[in-house]
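[1] Quick one, fold the following:
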Amino acid sequence: MGMRCAVFDKWTKEKMQEYPDAVILHLGCGMDSRCERIHNTTHLWYDIDFKDVIEERNKYYNESSLYHMVEGDV
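    Numbering: from 1, shown residues only. As a prediction, this is how the structure comes out:
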């Protein structure tokens, strides 16, 4: 699991550098902490998941001007 996260974190960082104006939509984010792991300070980022998942995420993660959690069924 750790290797999988490392691969996707690296890929995400590369794409963020390639597309500096991109908005990140992390669909079906679950309890993934990718936004914190890659230390996002430049891109608008939305973690999107079911209402009960977002309610649980709110216990552990804080929204900011760049980071938002959205309830939705994708």
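
[2] So which other helices or strands are in contact with the helix ranked longest in the chain?
    Scanning the chain for the longest helix, with DSSP state H as the assignment, gives helix 2-18. Applying 3 or more CB pairs under 8 Å, 6 or more residues apart in numbering; DSSP states H and E, one finds that helix 2-18 contacts helix 34-37. C-betas here are computed from N, CA, C, even on glycine.

[3] got the end-to-end distance for stretch 24-43?
    When the termini of stretch 24-43 are compared using CA to CA, to the nearest Å, they are 7 Å apart.

[4] where does the chain have low pLDDT?
    Judged by pLDDT under 70, the chain has its weakly predicted residues at 1.

[5] Can you report phi and psi for residue 45?
    Main-chain torsions, residue 45, degrees, to the nearest 10: phi -130, psi 130.

[6] what do you get for residue 26?
    Dihedral angles (degrees, to the nearest 10) for residue 26: phi -100, psi 90.

[7] How about the contacts made by the residue lying closest to it once chain neighbours are set aside?
    Leaving aside its sequence neighbours, residue 26 sits nearest to residue 47 (CB to CB, 6 or more residues apart in numbering; 4.8 Å). Contacts for residue 47 (CB atoms under 8 Å, 6 or more residues apart in numbering) come out as 26, 29, 32, 35, 54, 57, 61, 67, 68, 69, 70.

[8] how about a cut-off of 10 Å?
    Counting by CB atoms under 10 Å, 6 or more residues apart in numbering, residue 47 touches 24-35, 53-54, 57, 61, 63, 67-70.

[9] Residue 42 now?
    Shown in contact with residue 42 (CB under 10 Å, 6+ apart): 16, 17, 20, 21, 22, 66.

[10] just those now: which is nearest residue 40?
    residue 66 (6.3 Å; CB to CB).
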